[in-house]
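Chemist: Build me a model from this:
(one chain, ligands or ions: 2)
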Amino acid sequence: MLQVEQLKKSFDGFQAISDANLLVPKGEVVAVIGPNGAGKSTLFNLITGHLQADSGHIRFQGKEITSMAPYKICHRGMARSFQLINIFSSLTVFENVQASVIAKHRLDQNFFRPAKKLFIEETLEILDSFELFDFKDRSCSALSYGDQKVLEIAIALGSKPELLLLDEPTAGMSSEETRRIVNLIKHLSREKGLTILLTEHDMELVFDVAQKIMVLHQGKTIAQGLPQDIRNDKSVQNAYLGETG
Ligand SMILES: Nc1ncnc2c1ncn2[C@@H]1O[C@H](COP(=O)(O)OP(=O)(O)OP(=O)(O)O)[C@@H](O)[C@H]1O
Ligand SMILES: [Mg+2]
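Modeler: Ligands and ions are numbered 1, 2, ... in the order given. Down below sits the predicted model:
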């Protein structure tokens, strides 16, 4: 589904990503872990086209997408949520998700334009599956932090992606809210067949949901593989897992 090779990115001489490599197989949940400042968000911004790489390759569904504009990458079937909440807080919950549904249909440029009814139906279906239906007419700013994070994922799903990127989806959440996100990730993966790439500091969550883990340390991929192999990897223990106990 996604292949990242020898990716590099520097900011004013600071090498934030020095050698990132990643393979995301179709249908799997893959986690990128690493200490604060390891370059996880930068890597996500490079993959989604929000930042341009200095060198290296990113391939999505077999096609080169390195340096492609974010909207084009999104149209090819990739969507994301941000580490910091990124929603239109002045719009209602319904309007936020509908904007994403409409944008997807517009970009599809169907000869027969889908009716407004279809947008509404698709939006309501997404809200229902994310347990946000009851809040649909509320302003987003009135939602709890946890509901806002769930809404952000619902908005990402509006573009009907094949690959979903989640940058710290449970950052700042209570354990109950975290459980909800874990269940959501499992549901999207198992029931909807979505491929998911996420970053997380919560190791319990990572080892619960991920089928594969990539470890980023100072901008470099130091390991990637099955969770049990990562747990037993000496270089990973020294660089990262040791620090977090
Ligand atoms: N736009 C930017 N300009 C300059 N430096 C940047 C920029 N974005 C990120 N950096 C630096 O690049 C490094 C990697 O940052 P990044 O946000 O990717 O780390 P991270 O792994 O996501 O960390 P965290 O776990 O705290 O979210 C950091 O040292 C950061 O200060
Ligand atoms: Mg980050």
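Chemist: which stretches of the protein form strands?
Modeler: With DSSP state E, the ranges of strands along the chain come out as 2-11, 14-24, 29-33, 55-60, 63-64, 78-81, 163-167, 195-199, 212-217, 220-225.
Chemist: Kindly reformat these as JSON lines containing mean neighbour count.
Modeler: Placement of C-beta: from N, CA and C, glycine included. JSON lines is the format used below for the strands of the chain (neighbours: other Cβ atoms under 10 Å):
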{"stretch": "strand 2-11", "mean neighbour count": "18"}
{"stretch": "strand 14-24", "mean neighbour count": "18"}
{"stretch": "strand 29-33", "mean neighbour count": "25"}
{"stretch": "strand 55-60", "mean neighbour count": "17"}
{"stretch": "strand 63-64", "mean neighbour count": "10"}
{"stretch": "strand 78-81", "mean neighbour count": "24"}
{"stretch": "strand 163-167", "mean neighbour count": "24"}
{"stretch": "strand 195-199", "mean neighbour count": "24"}
{"stretch": "strand 212-217", "mean neighbour count": "23"}
{"stretch": "strand 220-225", "mean neighbour count": "18"}
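Chemist: Tell me which of those strands sits nearest to Asp147.
Modeler: With Cβ to Cβ, the closest approach to Asp147 among the strands of the chain belongs to strand 78-81: 13.4 Å.
Chemist: Could you check how far the closest residue to Gln6 other than its chain neighbours is from ligand 1?
Modeler: In space, and not counting its chain neighbours, Gln6 is closest to Gly56: 4.5 Å by Cβ to Cβ, 6 or more residues apart in numbering. When distance is defined by Cβ to the nearest ligand atom, to the nearest Å, Gly56 is 15 Å away from ligand 1.
Chemist: again with Glu64
Modeler: Relative to ligand 1, Glu64 is positioned 23 Å away (Cβ to the nearest ligand atom).
Chemist: Pick out the residue of this protein closest to ligand 2.
Modeler: Taking Cβ to the ion as the measure, the chain has Ser41 as its residue closest to ligand 2, at 3.1 Å.
Chemist: how many other residues sit next to that residue?
Modeler: Residues lying near Ser41 (other Cβ atoms under 10 Å) number 19.
Chemist: Please determine how far the one residue sitting closest to the centre of the chain is located from Glu152.
Modeler: To find the centre residue of the chain, average its C-alpha atoms and take the closest one (Cα atoms, centre = their mean): that gives Leu165, at 1.5 Å. Computed with Cβ to Cβ, to the nearest Å, the distance linking Leu165 and Glu152 is 12 Å.
Chemist: Please enumerate the shared neighbours of the two.
Modeler: Residues touching both Leu165 and Glu152 (Cβ atoms under 8 Å, 6 or more residues apart in numbering) are Ser81.
Chemist: quick revisit: got a list of what the residue nearest to Gln6 touches?
Modeler: Taking Cβ under 8 Å, 6+ apart as the contact definition, Gly56 lies against Val4, Glu5, Gln6, Leu7, Lys8, Ala20, Thr66.
Chemist: Quick check: the residue nearest to the centre of the chain touching Ile47?
Modeler: Yes - in this structure, Leu165 is within contact of Ile47 by Cβ atoms under 8 Å, at 6.7 Å.
Chemist: so what's in contact with these two at the same time?
Modeler: Common contacts of Leu165 and Ile47 (Cβ under 8 Å, 6+ apart): Met78, Leu197.
Chemist: Which residue ranges make up each domain of the chain?
Modeler: Domain ranges of the chain: 1-77+162-245, 88-160, per automatic domain parsing.
Chemist: need those in JSON lines with mean pLDDT, can you?
Modeler: Shown next, in JSON lines, are those (pLDDT from 0 to 100):
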{"stretch": "domain 1-77+162-245", "mean pLDDT": "94"}
{"stretch": "domain 88-160", "mean pLDDT": "87"}
